[in-house]
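# what's the 3D shape of this:
(chains A and B)
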Amino acid sequence: MDINLTQEELSFQAEVKEFLSENAHKPGTDYNEWRLNWFKVAASKGGWDVPKWPEAFGGPGWSPTQHYIWEQETSRAQTPWDLPFGLSMLAPVLMNYGSKEQQNRFLPDIRDRLVNWCQGYSEPNAGSDLANLKTKAALSEDGTHYLVNGTKVWTTLAHIADWMFCLTRTNDTGKKQEGITFLLIPMKQEGIEVKPIITLGGSHSVNMVHITDVKVPVENRIGEENKGWGYAKGLLAHERTGLAGISRSIVALESLKNQAGSVKRGNGSLMDEPTFKLKVAELEADLMAVEYTELRSLANAASGNEPGPESSILKLKGTEIQQRLQRLTMEAGGIYSSAWGMSNVGPSFARSGMSGYLSSRAFTIYGGASEVQKDVVAKNVLGLKK
Amino acid sequence: MNFELSETQSILKDSVERFIGESYSLDKRQSLVKSELGFSQDNWKKMAELGWLSITVPESTGGFGGNQIDSMIMMEEFGKGLVLEPFFISSVVAGQILCDLGNQAQKENWLPRLVSGDCQLTFAYAEEQSRFDLEDVLTRAKPDEEGGFIIDGTKSMVLHAASADAMIVSCRTSGGQYEKNGISLFLVPKDLQGIHIDSFETVDGQRAAEVRFESVRVDMNALLGGEGNAFSTIKRAQQSGILALCAEATGIMESLYKDTASYTQDREQFDRPMSEFQVIQHRLVDMFMEYEQCKSMLLRATLEFVHNPDGSSRSIHALKYLVGKTGKFIGENAIQLHGGMGMTEELNIAHYFKRLLTIDILFGNSDYHLEKFAA
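Model (predicted):
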């Protein structure tokens, strides 16, 4: 048992820190130009622009510990915004199940951040029960294309996406999971209608997507017909581990303490008030523990073992902690937390308090609702039968 | 011992219910939220015609002479309907202060118009640094040579300030920043020179404003009650305000747990209604239990306030604490059980939850009152 980083890991950490500080965005310079250039510089370090990709596809081939270090350092530093859909969600599917041709066609643009992808999974009647999806893909008689019809919902950033990776129904006899096909569909075409859904934080990021008589060439099918569920399942597991956000929560806790510390109460601050202070302390204790849960899971992976039981709780605990952070930020904002959209009322962190908290309620819904996650843990980890 | 409503109370409840059924579909409400005023003048007039704006005004001054139980009944229903009209701040809070402290002339000048719906009042008590402490007052009122006062300072989160005709403003006339003594209340017409109103929409779709007073001169008639000893009245206004807000919140929580229960019965996942899963059933039972706790505490605090106002402050602290805490619990779970649908503005759920969150920060949040309760 040893939690210290090795000499090599320490020098890797120093290298990452140096890279991040040297390439931070300089105020006053063009953000987009910096963003695209940042990825180029990261690529020249040997795949740092695609840290999670395997070496065979141009990734850096880091150890789990190196990934952890990267995660920690990048959550503290300023890195350009990036979207997970193409890069972390579709790319692994392409690498594992796509044809050589599909890999050559799609991966380079994903890597260069030139094409935006969205995920066409959930449907009005397929939420937690995703396999219940009904969007129909009918193979044409000559076998050249599928005719796709159906509705997807909660599709994040569909309104800016160029492509959708989409689960469709190609067979509705037998087990639900065995009639699903994984298709890649261009978004900018007739028959695709994107309708915004305004969520309770007041923002537009999710959409309803109606697909009407859209022809999708068979070349855009990943793997075999009716096997899409298996490809997507691996991807869901990937999505879930990425959602714990523990390094980011550690940084967020620090800013919460600073913000609450800036709220004056008599001679002290909000951080001196017992009820608030104790809630922050409870959260910090939980966060310290889950940080080690993540390390245990990581150490396990580093020695090449199957994920241990501890890793199954990461998304559950991690998202719960993110929500508590948002809740305390809202509470710290006091009377100003309900003043949204105002630029000059009260302290700036307070104004977005309620909308941040409201948006955070989705964390325990998307990527598998917590209730469903717990079913999985009960069944797969504790071995409890229904 | 009897918790049944009297006949008049039942009639009141039914008439509010009917009003909401007729005038408060979610679509209508949301179009009011988007309007500049943020509520409907027609509804406001109708509330006056139905006599609701005079309910808590004493009979001696032309009112109905009702008490906190009557406003509780109305506010619970207003909660279920997500009513936007400024009944709470204008009639319950400001109206109460006016009735408590106003002299004959002040009452004659304002009360008839208040109950007829021709004018609307608000109460400006919070300041940026004060958080939830009513005695933390920096806004100053200095006597001038002609017997009037000059007001300087800024009030925060003044509810419906833009549409109010006048506001009751807490000002320091003597003493230090945190002293209970030395606070006076002024009834300030909104159109006086030097008043700047920066209005905005709050998360729950209502309106509030930062109000800056720059050497605003008021005459002697603006002073409500004695100089420097308004704190006990402010405290009492806070208490009746809390009771009204908690009644509204209790109505909202009732709708939230019921709507969620019925949604889980309609929504099928894994080939059966969600309500057949034990984890869902137990969660709904928890929501129901916590709602009932709030309802009981609401009745306890309200009845104590009516029968023994001076002895009710612990119950009122406990109520506001419980309602703040339970509001988050029930709201969070209502959203969780609605899944993605709970995250949209299409159902009442999100709007109910936003109102509960806003209620928590009015007149002191859950933590604040728990500390007062424990002290």
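
# helix, strand or coil for A:Phe182?
For A:Phe182, the assignment made with DSSP: H, G, I helix; E, B strand; the rest coil gives strand.

# contact partners for it?
By Cβ atoms under 8 Å, 6 or more residues apart in numbering or on different chains, A:Phe182 lies in contact with A:93, A:97, A:165-168, A:221-223, A:227-228, A:231-232. Yep, even glycine has a C-beta here, placed from its N, CA and C like the rest.

# any stretches of the stretch 151-300 of chain A with poor pLDDT?
Applying pLDDT under 70 to the stretch 151-300 of chain A flags residues A:234-243.

# change it to 80
Low-confidence segments of the stretch 151-300 of chain A (pLDDT under 80): A:201-202, A:234-243, A:298-300.

# quick one: which of the contacts of A:Phe182 is most hemmed in?
Ranked by neighbour count under the definition other Cβ atoms under 10 Å in any protein chain shown, the contacts of A:Phe182 are headed by A:Gly228 with 29 neighbours.

# ok, that one touching A:Leu184?
No: between A:Gly228 and A:Leu184 there is no contact under Cβ atoms under 8 Å: 11.2 Å.

# mutual contacts of those two, please.
Contacts common to A:Gly228 and A:Leu184, judged by Cβ under 8 Å, 6+ apart, are A:Ile222.

# kindly list the longest helix within the chain.
Here I'm looking at chain A. Scanning chain A for the longest helix, with DSSP state H as the assignment, gives helix A:274-302.

# wrong chain, I was asking about chain B
Criterion DSSP H: the longest helix present in chain B is helix B:231-266.

# and which of the contacts of A:Phe182 is nearest chain B?
Closest approach to chain B among the contacts of A:Phe182 (Cβ to the nearest Cβ): A:Leu167, at 16.3 Å.

# check contacts around that closest one.
The neighbours of A:Leu167, taking Cβ under 8 Å, 6+ apart as the test, are A:120-121, A:130, A:133, A:135, A:180-183, A:228-229, A:232.

# give me the secondary structure label for it.
strand.

# confirm that B:Cys171 sits in a strand.
Yes: counting by three-state DSSP, B:Cys171 is part of a strand.

# from B:Ile89, how far off is the residue lying closest to it once chain neighbours are set aside?
Excluding the flanking residues, the one nearest B:Cys171 by Cβ to Cβ, 6 or more residues apart in numbering or on different chains is B:Ala141, at 3.8 Å. From B:Ala141 across to B:Ile89, the span is 21 Å (Cβ to Cβ, to the nearest Å).

# show me where the stretch 101-250 of chain A has its helices.
A:228-242, A:246-261 (DSSP state H, counting those that start in this stretch).

# quick one: closest of those to chain B.
Chain B sits nearest to helix A:246-261 of all the helices of the stretch 101-250 of chain A, at 11.6 Å, using Cβ to the nearest Cβ.

# ok, the residue lying farthest from the centre of chain B - contacts?
The centre of chain B is farthest from one residue, B:Asp271, which by Cα atoms, centre = their mean lies 43.8 Å away. By Cβ under 8 Å, 6+ apart, the contact list for B:Asp271 reads A:Asp129.

# go again with 10 Å.
By Cβ atoms under 10 Å, 6 or more residues apart in numbering or on different chains, B:Asp271 lies in contact with A:129, A:132, A:176.

# ditto for B:Ser31
By Cβ under 10 Å, 6+ apart, the residues touching B:Ser31 are B:25, B:40.

# just the CA trace of the host helix or strand of it, in PDB.
Assigned by DSSP states H and E, B:Ser31 belongs to helix B:26-34. C-alpha atoms of helix B:26-34 as PDB (Å, rounded to 0.1, in the frame of the first residue of the first chain):
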ATOM      1  CA  LEU B  26     -50.000  27.000 -16.900                       C
ATOM      2  CA  ASP B  27     -50.200  28.600 -20.400                       C
ATOM      3  CA  LYS B  28     -52.000  31.600 -19.100                       C
ATOM      4  CA  ARG B  29     -49.600  31.900 -16.100                       C
ATOM      5  CA  GLN B  30     -46.500  31.700 -18.300                       C
ATOM      6  CA  SER B  31     -47.800  34.400 -20.600                       C
ATOM      7  CA  LEU B  32     -48.300  36.600 -17.600                       C
ATOM      8  CA  VAL B  33     -44.700  35.800 -16.500                       C
ATOM      9  CA  LYS B  34     -43.500  37.000 -19.800                       C
END
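
# tabulate the helices of the stretch 101-250 of chain A (JSON lines), appending distance to B:Thr302.
Shown next, in JSON lines, are those (distance: least, Cβ to Cβ, whole Å):
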{"stretch": "helix A:228-242", "distance to B:Thr302": "47"}
{"stretch": "helix A:246-261", "distance to B:Thr302": "34"}
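
# and of these, who's closest to A:Pro309?
A:Pro309 lies closest, by Cβ to Cβ, to one member of the helices of the stretch 101-250 of chain A: helix A:228-242, at 14.2 Å.

# got the buried residues for the helix or strand containing B:Gln336?
Taking DSSP H and E as the definition, B:Gln336 sits inside helix B:313-338. Buried positions in helix B:313-338, judged by neighbour count with 16 or more other Cβ atoms under 10 Å in any protein chain shown: B:313, B:315-338.

# so which of those residues reach chain A?
Restricting the buried residues of helix B:313-338 to those near chain A by Cβ under 10 Å from any Cβ of the partner chain leaves B:321, B:324, B:328, B:331-332, B:334-338.
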